[in-house]
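Trainee: missing the sequence, but the structure's below:
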């Protein structure tokens, strides 16, 4: 059906004529059942609420990138339609190994599929640049992040480790800064999977260029870590100040895919927590130390 069509417009029309809406309806039912199971496992009821019940979560639709272009097109079309119909699904992402042969050979085609189907109304976050020397041919290190930003119009980039090898790196950084494209930094994952750590990791370059940075575990279940571990590692390995860590934490919400009202509420809740923590810390030092703590906290940039 899709493979018989020569243009993306015709492919999408064929999908719509052959049950795309029904597929989205079924996936919304599956999602509702999954959410209900989560709440049931957490025993979330008003009389006996568990701590995990206060955690806000949304879903990102995943698209397997190591399939044929037509299969990636179908997956992306379903994901985009689901996001438009279901408020709990807030963005789409390409997953699976970026260094595999299919993902590399079809990379630009994938970016153009995402751009065509996401348009301007479907948020896009993409794993891009999870690559390093020796893993792929050198030419593959030079364009993955840029094409994710420029062609697919991704609002967030996962990993971005291959930044030093990108053509016109400084121009790319300026574009990410100006458009406020966040980069999700995964220090432990990049160390374990790519062997990239310390001075080789581009985290300091992103920060120096003013690109908004967030910290991520990548996959906490695989790495056996949590987000606290990544904040500790960033502070230990790169000497990040409290002000920088605070800005990173605010970026995680400020550049999230939450709707404006919920984002505002969550940022206010975060700021109240910061204020409580900062005043508690200030109360433990000398008057001069207390003043310095509060001054540093007060000038933390907000986004």
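Mentor: Here it is on my side, so go on. Quick caveat, the model's predicted, so the values are computed rather than measured.

Trainee: Give me the distance between residue 219 and residue 186.
Mentor: In this view, residue 219 and residue 186 are 9 Å apart by CB to CB, to the nearest Å. Where C-beta positions appear, they are placed from N, C-alpha and C, glycine not excepted.

Trainee: So what touches stretch 224-241?
Mentor: With contact meaning CB atoms under 8 Å, 6 or more residues apart in numbering, stretch 224-241 is reached by 185-188, 197-198, 203-204, 207, 215-217, 220, 245, 248-249, 296.

Trainee: May I see the ChimeraX selection of the buried members of those residues?
Mentor: Here is the ChimeraX selection string for the buried members of those, based on 16 or more other CB atoms under 10 Å:
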select :185,186,187,188,203,207,215,216,217,245,248,249
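
Trainee: Inside helices: which ones of the contacts of stretch 224-241?
Mentor: Among these, the ones falling in helices (DSSP state H) are 187, 188, 203, 204, 207, 220, 245, 248, 249, 296.

Trainee: The stretch 101-250 of the chain: helices as residue ranges?
Mentor: 101-105, 107-118, 144-150, 169-179, 187-189, 203-208, 220-223, 227-238, 242-254 (DSSP state H, counting those that start in this stretch).

Trainee: Just put those helices in JSON lines and tack on mean pLDDT and distance to residue 51.
Mentor: Listed next are the helices of the stretch 101-250 of the chain as JSON lines, based on pLDDT from 0 to 100; distance: least, CB to CB, whole Å:
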{"stretch": "helix 101-105", "mean pLDDT": "97", "distance to residue 51": "39"}
{"stretch": "helix 107-118", "mean pLDDT": "98", "distance to residue 51": "36"}
{"stretch": "helix 144-150", "mean pLDDT": "98", "distance to residue 51": "36"}
{"stretch": "helix 169-179", "mean pLDDT": "98", "distance to residue 51": "36"}
{"stretch": "helix 187-189", "mean pLDDT": "96", "distance to residue 51": "25"}
{"stretch": "helix 203-208", "mean pLDDT": "98", "distance to residue 51": "31"}
{"stretch": "helix 220-223", "mean pLDDT": "84", "distance to residue 51": "17"}
{"stretch": "helix 227-238", "mean pLDDT": "96", "distance to residue 51": "16"}
{"stretch": "helix 242-254", "mean pLDDT": "95", "distance to residue 51": "19"}
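
Trainee: Before we move on, what's the pLDDT of the closest residue to residue 201 other than its chain neighbours?
Mentor: Take residue 201 and drop its neighbours on the chain: the residue closest to it by CB to CB, 6 or more residues apart in numbering is residue 190, 6.3 Å away. pLDDT for residue 190: 97.

Trainee: Enumerate every residue touching residue 190.
Mentor: Neighbouring residues of residue 190 by CB under 8 Å, 6+ apart: 130, 159, 161, 196, 197, 201.
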